[in-house]
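Visitor: Attaching a predicted model along with its sequence, questions to come.
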Amino acid sequence: MIVEEISRQKYPGWAFCAAVCKEWRAVVERKNFHRLILQASCLEELENMVTRQRDLVQYICLNIELPRYTSRSCQQTESFSCSSRHSSIVADAILKLFSVLSTWQPTGCLILELNAYSLSDSEHWFKNYYFGLEHENGDLVQPQEATTKWHDPNHGWVNGQQVEAPRAPAILRLFSPICLSLSKNLPEVHAVTGFAICRQLRRQISPVALRLLWERLPQLETIVYEPWRVWRRSWKILCDKELASVIQDALPSHVKTVSIFEEFNDQLALALRRDTPYLRIIDTSPNAGHMLVRAFASKSLRLERLSISYMIDAQQFFESCQPSYTWHHLQSLTLTSSILAQTARQKEISALLHDASLAALNMPQLESMVFWNSKHGEACAVIYQRIKASSYATLTWRGTWDFELSHDVVKSWQKVASDSYHLRIKNERVQGFINSHGDAIHHLHLPARVIDPASLWQIRQEGMMQRMA
């Protein structure tokens with residue numbers, strides 16, 4: 001169909017095709033309203049602009065623009081007054097959006113994503129990062145043309161090369177907390193079934209605010225949460241404690257799918273560690289608090305799909321599981337494990353896989369269990385899948401190096417597959433260079449989605465630009 005092809009290519013002015021006839025209008029509106037990217041300034045018009053087409057909307061991303069800041073300010077951590085102003089701007093925008101969406105009736109799947117940024121974020125030190133300002137998806141783009149235009153010696157850029165890393169205050173400013181004070185009168189929104197905070201939101205929304213937002217979404221089924229690793233030691237301790245409380249006590253019972261990806265950047269972590277005056281307040285380690293690990297282990301009992309990347313370790317997760325646990329609903333579990341490294345001993349990897357098989361015996365609905373890890377130059381995954389439509393299950397090692405699963409590991413997973421499924425063992429070598437954890441996800445072909453597709457594109461694109469810079 002001609003209009004379908006036009007809508008796929010999205011030539012300039014293609015939306016005017018809607019005026020041709022009713023059939024064309026239906027196609028154009030379905031494409032146009034499927035995903036709405038909104039600024040806070042247009043929220044007052046949203047209610048009147050989207051009426052008849054509400055059932056076509058499946059994704060809403062609210063981009064909240066924060067005030068610009070000067071080159072002098074970018075060298076400093078965010079002041080209390082600036083932080084308060086940002087929190088007020090974000091809270092007002094969320095209240096407006098929830099007020100509009102509270103009038104919408106449920107029509108199926110509707111995902112709500114929140115993002116906040118300042119245009120200045122990408123104008124100073126962090127030119128090679130993505131903040132959700134443009135359409136950031138699709139094929140990777142070779143960054144030579146963009147990077148050669150960056151000449152800003154005051155912010156470490158000379159003729160497209162980053163010759164100086166940002167100081168700790170500039171980094172901490174980009175990842176400042178947003179301490180939202182949301183009204184307890186925030187309206188309920190019944191139309192939203194999915195909630196997302198993706199990695200393009202560098203600033204950190206407190207878990208306490210997440211609690212209130214999730215409580216106001218009574219039809220919420222899916223959560224995608226991609227926070228950046230917290231580097232201030234005091235803030236990390238507080239965030240772990242608060243998030244543990246939210247997961248343990250306030251995760252809505254109607255949520256069935258949780259995907260968590262703790263994002264990080266090794267270059268920024270290195271820059272923080274080199275800034276001596278800030279060493280006493282900085283903690284770049286990935287270790288999670290025991291309360292948080294126990295909370296995830298406990299709440300996994302009522303979920304159908306759970307993916308946690310980097311926030312906790314698979315070994316921690318299974319150590320926190322009680323012998324009495326039975327996961328009656330869990331169909332998919334994906335975790336990262338630091339043990340999965342080329343330098344690790346086979347005995348350590350086998351112990352993890354054996355412990356996982358014991359837990360899997362108490363997961364009657366399990367269809368897939370995945371463990372994966374990566375670092376620069378290497379990546380691997382161990383993937384168990386039970387194919388319901390056939391009579392077999394697979395246990396796959398997939399990595400940049402070869403690894404033979406031990407006889408004991410294979411035997412323990414055959415028990416998981418049970419007599420109804422024949423277990424096939426696979427060993428697959430990953431081709432392609434691993435420049436970032438985004439490349440690892442791409443090349444490992446994990447069966448479960450561990451990160452939002454746009455986030456994955458951003459990680460790989462930023463990795464390419466950092467390698468060139």
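Guide: Everything's here; your move.
Visitor: tell me the SS of residue 108?
Guide: Assigned with DSSP: H, G, I helix; E, B strand; the rest coil, residue 108 falls in the coil class.
Visitor: Ok, the one 4 residues further on next?
Guide: Using three-state DSSP, the structure places residue 112 in strand.
Visitor: which residue packs closest to it, ignoring adjacent ones?
Guide: In space, and not counting its chain neighbours, residue 112 is closest to residue 192: 4.8 Å by Cβ to Cβ, 6 or more residues apart in numbering. Where you see a C-beta, it was placed from the backbone N, CA and C, and this is true even at glycine.
Visitor: Contacts only, for the one you found.
Guide: 101, 110-112, 217, 219-220 (Cβ atoms under 8 Å, 6 or more residues apart in numbering).
Visitor: Near residue 282, how many other residues are there?
Guide: 18 (other Cβ atoms under 10 Å).
Visitor: mind listing what the nearest residue to it once chain neighbours are set aside touches?
Guide: Of all residues not flanking residue 282 in the chain, residue 272 sits nearest, at 5.1 Å (Cβ to Cβ, 6+ apart). Counting by Cβ under 8 Å, 6+ apart, residue 272 touches 168, 171, 231, 278, 282, 284.
Visitor: The last one: which element?
Guide: Under the criterion of DSSP states H and E, residue 284 resides outside all helices and strands.
Visitor: After the helix or strand where the residue nearest to residue 282 lies, which helix or strand is next?
Guide: Under the criterion of DSSP H and E, residue 272 resides in helix 266-274. Helices and strands here follow DSSP H and E; after helix 266-274, the next one along the chain is helix 290-299.
Visitor: Run through the neighbouring helices and strands of that following helix.
Guide: Secondary-structure packing of helix 290-299 (3 or more Cβ pairs under 8 Å, 6 or more residues apart in numbering; DSSP states H and E): helix 233-245, helix 314-320.
Visitor: Nearest to residue 267, out of the ones you listed?
Guide: helix 233-245 (19.4 Å; Cβ to Cβ).
Visitor: Just the CA atoms of the closest one, as CSV, please.
Guide: Output in CSV follows, covering the C-alpha atoms of helix 233-245 (Å, rounded to 0.1, in the frame of the first residue of the first chain):
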residue,chain,number,x,y,z
ARG,A,233,28.7,7.6,49.0
SER,A,234,26.1,9.1,51.4
TRP,A,235,23.5,9.3,48.6
LYS,A,236,24.2,5.7,47.5
ILE,A,237,23.6,4.4,51.0
LEU,A,238,20.3,6.3,51.3
CYS,A,239,19.1,5.3,47.8
ASP,A,240,19.8,1.6,48.4
LYS,A,241,17.9,1.8,51.6
GLU,A,242,15.0,3.7,50.1
LEU,A,243,14.8,1.5,47.0
ALA,A,244,14.8,-1.6,49.2
SER,A,245,11.9,-0.2,51.1
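Visitor: chain center to the helix or strand following that helix: distance?
Guide: From helix 233-245 onward toward the C-terminus, using DSSP H and E, the following helix or strand is strand 257-261. Computed by Cα atoms, centre = their mean, to the nearest Å, the separation of strand 257-261 from the middle of its chain amounts to 7 Å.
Visitor: which residues are contacting strand 257-261?
Guide: Strand 257-261 has contacts (Cβ under 8 Å, 6+ apart) with 199, 221-226, 251, 303-311, 449-451, 455.
Visitor: Low-confidence regions, the chain specifically.
Guide: Within the chain, the segments meeting pLDDT under 70 span 1-33, 49-54, 133-148, 468-469.
Visitor: Same question for the longest helix along it: list its buried residues.
Guide: In the chain, ranked by residue count with DSSP state H as the criterion, the top helix is helix 80-101. Of all the residues in helix 80-101, those buried under the rule 16 or more other Cβ atoms under 10 Å are 82-83, 86-87, 89-91, 93-95, 97-98, 100-101.
Visitor: Of those, which is the nearest to residue 66?
Guide: Closest approach between those and residue 66, by Cβ to Cβ: residue 86, at 5.2 Å.
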